[in-house]
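Student: sequence and predicted structure are below.
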Amino acid sequence: MNHVVLTGDRPTGPLHLGHYFGTLANRVALQDVHPMYVLIADYQVITDRDRPGEIQRNITGLLLDYLAIGLDPAKVTIFQHSAVPELNQLLLPFLSLVSVAELGRNPTVKDEIAHSKQQAVNGLMFTYPVHQAADILFCKGTLVPVGKDQLPHLELTRLVARRFNERYGPVFPLPEAMMGARPLLNGLDGGKMSKSRGNAITLSATEDETAALIRKARTDSERLVTFDETRRPEVANLLTLAALCLGRTPQDLADEIGHGGAATLKRVVTEAVNEFLRPIRRRRSEIGEAEARAVLAAGNERARERAVLTLDEVRGAMAMTAA
Ligand code: ATP
Ligand code: MG
């Protein structure tokens, strides 16, 4: 099947291992097979905070992370929301296809509201999943490599595409999600590893910073290390992290550590993570910021050309333009 791949990240901070095993590894594999768009979702930053914060620094950081993991700008179009007005315009007809009740039921939005830094929930928080439908459909995306938190949004995108096609004629494909090796990696506090929740091992941290973070991770007092996700979630999470980095199973690692206790476990995890990230970190340090920014400028132009075509088609289907 000929896919078009679309996926992206909010420029809210550096990428972490949750991203890597949830979506980044799939992106690197897919770029050789299908056309791919990677979105830096800058308008989505202000869903759960009042100001965009250090957005330029975060955008440059994302670009460096992308290039360091091996995304190839010759194959992948990397772009940002705010540079592609025609994509954003799709939000208007799409919003009319979804009920307010449907927006209020989204479980990921509910979770993000619970972790939001804001006093009151803003309108963009409720509507950004529809904006995400515009992200995916502007390029007629069919395959979306994402983590588990995105599944409700993808369902909504399919709903928007289906309703648009029923109402105005066949324009959009119904895209599918693609899950990574670990669709939901937990952070060092036991909750979802997130850029905004201070619980992440980032791709760009130093080896010492990584060691310090893992040293502080919660464990329990049982000396024998076992892999038990329900009874010992913190220990299981650390085993999972190391196992993903080593390409082994968490059970196997637990058997090897045996009676070594939390200290041995943390040493094994630290070594596994730092070794896994070493080549990525080395490449990252070799890429210039100007080079990374040029990749974004070129990608913005390509994405805009694509968006103009889709918006024309949408306006035509809706009879907004004279035939
Ligand atoms: P923020 O906390 O600022 O929302 P985030 O860590 O949730 O940051 P996003 O930019 O919202 O990152 O998500 C980018 C992509 O990474 C999405 O496809 C999302 O599903 C995936 N992803 C994010 N966190 C994880 C995780 N812990 N495990 C697996 N996939 C994840
Ligand atoms: Mg998020």
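Tutor: The structure has been received and is ready for your questions. Ligands and ions are numbered 1, 2, ... in the order given.

Student: residues of stretch 179-198 that come out buried?
Tutor: Neighbour-count burial for stretch 179-198 flags 179-180, 182-183, 185-189, 192-196 (criterion: 16 or more other C-beta atoms under 10 Å). All C-beta atoms are positioned from the backbone trio N, CA, C, and that covers glycine.

Student: near ligand 1 too, which of these?
Tutor: Near ligand 1, judged by C-beta under 6 Å from any ligand atom, the entries from these are 183, 185, 192-196.

Student: tabulate those (JSON lines), appending secondary structure and pLDDT.
Tutor: Output for these, formatted as JSON lines (DSSP: H, G, I helix; E, B strand; the rest coil; pLDDT from 0 to 100):
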{"residue": "Pro183", "secondary structure": "coil", "pLDDT": "93"}
{"residue": "Leu185", "secondary structure": "coil", "pLDDT": "94"}
{"residue": "Lys192", "secondary structure": "strand", "pLDDT": "92"}
{"residue": "Met193", "secondary structure": "coil", "pLDDT": "95"}
{"residue": "Ser194", "secondary structure": "coil", "pLDDT": "93"}
{"residue": "Lys195", "secondary structure": "helix", "pLDDT": "89"}
{"residue": "Ser196", "secondary structure": "helix", "pLDDT": "83"}
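
Student: now the closest residue to Pro11 other than its chain neighbours: which helix or strand?
Tutor: Spatial nearest neighbour of Pro11, chain neighbours left out: Asn58 (3.9 Å); criterion: C-beta to C-beta, 6 or more residues apart in numbering. Asn58 belongs to helix 55-69 when assigned by DSSP states H and E.

Student: strands paired with whichever helix or strand comes after that helix, and their directions?
Tutor: Using DSSP H and E, the next helix or strand after helix 55-69 towards the C-terminus is strand 76-80. Sheet pairing of strand 76-80 (DSSP bridges) gives strand 36-40 (parallel).

Student: run the chain-centre distance for the partner strand.
Tutor: Its chain's C-alpha centre and that of strand 36-40 lie 10 Å apart, by C-alpha atoms, centre = their mean, to the nearest Å.

Student: check stretch 41-50 too.
Tutor: 14 Å.

Student: flag every buried residue along it.
Tutor: By neighbour count on 16+ other C-beta under 10 Å, the buried set for stretch 41-50 is 41-48.

Student: up against ligand 1, what does the stretch 51-200 of the chain have?
Tutor: So the stretch 51-200 of the chain meets ligand 1 at 146-147, 149-150, 183-185, 192-197 (C-beta under 6 Å from any ligand atom).

Student: adding distance to Arg281, write the residues you listed out as JSON lines.
Tutor: What follows is these, written out as JSON lines (distance: C-beta to C-beta, whole Å):
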{"residue": "Val146", "distance to Arg281": "24"}
{"residue": "Gly147", "distance to Arg281": "22"}
{"residue": "Asp149", "distance to Arg281": "26"}
{"residue": "Gln150", "distance to Arg281": "27"}
{"residue": "Pro183", "distance to Arg281": "25"}
{"residue": "Leu184", "distance to Arg281": "24"}
{"residue": "Leu185", "distance to Arg281": "19"}
{"residue": "Lys192", "distance to Arg281": "24"}
{"residue": "Met193", "distance to Arg281": "18"}
{"residue": "Ser194", "distance to Arg281": "21"}
{"residue": "Lys195", "distance to Arg281": "18"}
{"residue": "Ser196", "distance to Arg281": "22"}
{"residue": "Arg197", "distance to Arg281": "22"}
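
Student: tell me the one of those residues nearest ligand 1?
Tutor: Gly147 (2.3 Å; C-beta to the nearest ligand atom).

Student: in the helix or strand harbouring Arg215, what's buried?
Tutor: Assigned by DSSP H and E, Arg215 belongs to helix 207-216. For helix 207-216, a neighbour-count test (16+ other C-beta under 10 Å) marks 210-211, 213-214 as buried.

Student: where does the prediction get shaky in the stretch 201-323 of the chain?
Tutor: By pLDDT under 70, the stretch 201-323 of the chain has no low-scoring segment.

Student: ok and the residue in it nearest ligand 1?
Tutor: Counting by C-beta to the nearest ligand atom, the stretch 201-323 of the chain gets nearest ligand 1 through Thr202, at 10.0 Å.
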